[in-house]
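Asker: below: sequence and its predicted model.
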Protein chains: 2
Amino acid sequence: MGITKTEIFTKQQNETALLMKALGHPARIAIVEYLLSVNACICGDIVNELALAQPTVSQHLKELKNAGIIKGNISGNAICYCIDETAIDTLRVYFGGISDNLEKKKKMCC
Amino acid sequence: MGITKTEIFTKQQNETALLMKALGHPARIAIVEYLLSVNACICGDIVNELALAQPTVSQHLKELKNAGIIKGNISGNAICYCIDETAIDTLRVYFGGISDNLEKKKKMCC
DNA sequence: AATCTTTATCGTAATATTGCAATATAAAAA
DNA sequence: TTTTTATATTGCAATATTACGATAAAGATT
């Protein structure tokens, strides 16, 4: 049907999936990496950096913002986007936890 | 168009995005968490665990397997799925790296 | 004020995803 | 061998995503 049955999963599972989904596109990975590479939080030259049209980049930025992965400050008529540490931390902790858990049960698996 | 322009991104960016995309659905998060919670690598009672039809679960398992997040061993007529540590490690390192990087440039951002 | 610059939104076409019933496959059990 | 059990595949309907041209909105510049 193309519609996700969110109601049968926990709030945490849905939220985790939303975070991951937001990073489940190479353009959005590239945007995050670009934001990380510049020493200040540069805004719209992301469009120049990526071979994508401006509306497309804007849409990807919106999704990253909705997921809480980036945040934007208005500065004049431009907008300064940057990575939101909280989301990255959540992901770091999540995968760290799985990794630790797997370490413990080593050799109990395939 | 619904089609991702993979050719304009690096191989690494595409691969990272594929890993994240595979985890960008609550059912697949739930599957990974279930696999982690059982002390052996249980197979098809994932269907009983989730309120989804068997073909739907099978499809999600296939996507996780394609992305390299889980692996499956045939054992009789059943299949034993379990988490592939490599993928989790890749992601742990990836977000660990971003986190470290952000730590360094603290206060240079919004 | 008129224009430029920057970003967002709308509308739309092409394609992908989600979910399931029906069916296929293949090993195990009877 | 027939039946059961476990899983995968096919086909399809409903919905979501990706991408972009056209346009809007709003501050900056002239």
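Answerer: Here it is on my side, so go on.

Asker: near chain B, anything from the lowest-mean-pLDDT helix or strand in chain A?
Answerer: Lowest by mean pLDDT, DSSP states H and E among the helices and strands of chain A is strand A:70-75, with a mean of 89. Yes: for strand A:70-75 and chain B, the contact criterion (CB under 8 Å from any CB of the partner chain) is met by A:71-73. (C-beta placed from N, C-alpha, C; glycine too.)

Asker: which among those count as buried?
Answerer: A:71-72 (16 or more other CB atoms under 10 Å in any protein chain shown).

Asker: about what we covered before: what does the least confident helix or strand of chain A rub up against?
Answerer: The contact list for strand A:70-75, computed with CB atoms under 8 Å, 6 or more residues apart in numbering or on different chains, reads A:31-32, A:35, A:41, A:43, A:61, A:64-65, A:79-84, B:110.

Asker: just the CA atoms of it, as PDB, please.
Answerer: The C-alpha trace of strand A:70-75 is given here as PDB (Å, rounded to 0.1, in the frame of the first residue of the first chain):
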ATOM      1  CA  ILE A  70      20.200  19.900  11.100                       C
ATOM      2  CA  LYS A  71      19.000  23.200  12.400                       C
ATOM      3  CA  GLY A  72      18.800  26.600  10.600                       C
ATOM      4  CA  ASN A  73      19.300  30.100  11.800                       C
ATOM      5  CA  ILE A  74      18.000  33.000   9.600                       C
ATOM      6  CA  SER A  75      20.700  35.500   9.000                       C
END
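
Asker: now the strands for chain A?
Answerer: Assigned by DSSP state E, chain A shows strands spanning A:70-75, A:78-83.

Asker: and these as CSV, adding distance to B:K21?
Answerer: CSV is the format used below for those (distance: least, CB to CB, whole Å):
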stretch, distance to B:K21
strand A:70-75, 18
strand A:78-83, 20
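
Asker: most packed of the ones you listed?
Answerer: Across the strands of chain A, averaging neighbours per residue (mean count of other CB atoms under 10 Å in any protein chain shown) puts strand A:78-83 on top, at a mean of 19.

Asker: other SSEs contacting it?
Answerer: The contact analysis (3 or more CB pairs under 8 Å, 6 or more residues apart in numbering or on different chains; DSSP states H and E) places strand A:78-83 against helix A:26-37, strand A:70-75.

Asker: please redo it, this time with the cut-off set to 6 Å
Answerer: Helices and strands touching strand A:78-83, by 3 or more CB pairs under 6 Å, 6 or more residues apart in numbering or on different chains; DSSP states H and E, are strand A:70-75.

Asker: and the strand it packs on with strand A:78-83, angle?
Answerer: 150 degrees (axes from the mean of the first three to the mean of the last three CA atoms, to 10 degrees).
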